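>>> Any chance you can model this:
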Amino acid sequence: MANAQELGPNAPLIGHSGSRARLMTPAMVLDLDAMERNIQRMKDYAAEHGIGLRPHCKTHKSVAIAKLQMEAGALGIGAATLGEAQVMGQGGIPGVLVTSPIIADAKIDALMALNGRAEGLMQTVDNMQNLRALDAAAGQSGRPLNVVIDVDVGLHRTGAAAASDAVALVEAAVVVENLVYCGVQGYAGHIMHIEDFAERRDTNIAHTQPLNDTCAALAEKGLTPAIVTGAGTGTYDIDAKLGVMNEMQVGSYAVMDVEYRAVHTESGGDWLFEPALFIRATVVSANHDGHATIDAGLKCFATDGPLPDFASGAPVGASYSYFGDEHGRIAFAQANERLALGDAVECIVPHCDPTINLHDLYHCVRGDTLVDIWPVDARGRH
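Residues are numbered from 1 along each chain as shown. Below you'll find the predicted structure:
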């Protein structure tokens, strides 16, 4: 258990009614009630459609949140990097799937060490040279390595370039002595934020075809994959109905962000999931008409997507803009509006994954009370 110093300056506020309003800012705030509702809603949706979940920890980077997802029936956890997988494995999370290639000798050695102690660890592979290197390393380690063959479904970031290449990798994985073929992966990250639902669905169906072709070709050879994994928050309600995948690597659904609020649902209404992650900030200057300055700037938010939006504290119609490394600007919609020194606002984060990676701690709240502080365990773990 972390000591009070590791939990930061807000640790003395834990358990005190009204402590959310007294947080030293800027602070990353996690609404546990909202997040737990999101986890339950995804669990229920997946169960209704007969598909499993292997939520991706690249979003939250937290052992505590991963455990909540496992308690809600997840099959395991996805990890984008070896560092994330090490944190999850050391935290006792079983069934971790490393969804990106591990190439360098030093990293392969570290992967084998993790494989010796992490229950059900799996590693994706998309290249024959890498497959043979992993086989040799697993042989030297004395413990077989579970592998999942990665198929490119249009992102062109990783994955076998064609179904025939993926099949060849599966055939090689079955033949070598030290690898265990577990299934195939196809992740279409480029589709998740297509705003129009019909366009997103049509694009997803078209780009999933290589995964379809791979599975069909493998079935003909008696190599039907036990795991067909992929999908994300932006396509969960599409992939769950297509009958291609049997598990989904959803991540952002647990906390949500501004970027996903711009993506249209099938019904055109609200998302099934609600914002659960906020940056709480304080007005530090209010000397000028038309705007106020808060203590949350470039160092608090990911800058690869939309701007933060206000969840509370700012007048209706106010907008955020970056005002430097440490500061943000609240521009008022009406000339007569003001905020006073010390007033607090909470912002919905723009892009949750890289925003979380900028912070050391989650300030966990229920209502107006700080109930716990959790470390961002895998922050900066590559």
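
>>> Can you classify P210 as helix, strand or coil?
Classification of P210 by DSSP: H, G, I helix; E, B strand; the rest coil places it in helix.

>>> Can you tell me how far it is from V284?
Note on P210: its distance to V284, by CB to CB, to the nearest Å, is 52 Å. Using the backbone N, CA and C atoms, a C-beta is placed for each residue, glycine as well.

>>> residues in contact with Y260?
With contact set as CB atoms under 8 Å, 6 or more residues apart in numbering, Y260 has these partners: 193, 233-234, 252, 271.

>>> Out of the residues you listed, give me the one that has the most neighbours.
Ranked by the number of neighbours (other CB atoms under 10 Å), those place T233 first, at 28 neighbours.

>>> you'd agree that residue is up against Q249?
No: taking CB atoms under 8 Å as the definition, T233 is not a contact partner of Q249, at 9.5 Å.

>>> mind listing the helices for the stretch 201-350 of the chain?
When secondary structure is read from DSSP state H, counting those that start in this stretch, the stretch 201-350 of the chain shows helices at 209-220, 236-242, 258-261.

>>> try the stretch 1-150 of the chain
Taking DSSP H, counting those that start in this stretch, the helices of the stretch 1-150 of the chain run over residues 32-48, 63-71, 82-90, 105-115, 128-141.

>>> Extract the CA atoms of the fourth one and return them as PDB.
In this case it means helix 105-115. Presented in PDB, the C-alpha positions along helix 105-115 are these (Å, rounded to 0.1, in the frame of the first residue of the first chain):
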ATOM      1  CA  ASP A 105      16.600  -8.600 -27.700                       C
ATOM      2  CA  ALA A 106      16.400  -6.800 -24.300                       C
ATOM      3  CA  LYS A 107      12.700  -6.500 -24.500                       C
ATOM      4  CA  ILE A 108      12.300 -10.100 -25.600                       C
ATOM      5  CA  ASP A 109      14.400 -11.200 -22.600                       C
ATOM      6  CA  ALA A 110      12.100  -9.100 -20.300                       C
ATOM      7  CA  LEU A 111       9.000 -10.600 -22.000                       C
ATOM      8  CA  MET A 112      10.300 -14.100 -21.300                       C
ATOM      9  CA  ALA A 113      10.900 -13.200 -17.600                       C
ATOM     10  CA  LEU A 114       7.400 -11.900 -17.400                       C
ATOM     11  CA  ASN A 115       6.100 -15.000 -19.100                       C
END
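
>>> buried ones in that helix?
Neighbour counts over helix 105-115 (16 or more other CB atoms under 10 Å) mark 108, 110-112, 114-115 as buried.

>>> Quickly note the distance from G367 to S17.
With distances taken as CB to CB, G367 is found 9 Å from S17.

>>> no no, M88
Counting by CB to CB - M88 and S17 are separated by 34 Å.

>>> and these two? which has more neighbours close in?
Using other CB under 10 Å, the more surrounded residue of M88 and S17 is M88, with 31 against 9.

>>> how far away is V263 from L30?
V263 is 22 Å from L30, by CB to CB.

>>> which one of the two has more residues nearby?
More crowded of V263 and L30, by other CB under 10 Å: L30, with 24 against 16.

>>> wait, that one sits on L361?
No: when contacts are counted by CB under 8 Å, L30 is not listed as touching L361 (9.5 Å).

>>> For L272, which non-adjacent residue is closest in space?
R41 (5.2 Å; CB to CB, 6 or more residues apart in numbering).

>>> for L298, same thing?
Residue nearest to L298 in three dimensions, not counting chain neighbours: D325, with 5.0 Å by CB to CB, 6+ apart.

>>> I'd like to know how many residues surround that neighbour.
Neighbour tally, D325, other CB under 10 Å: 9.
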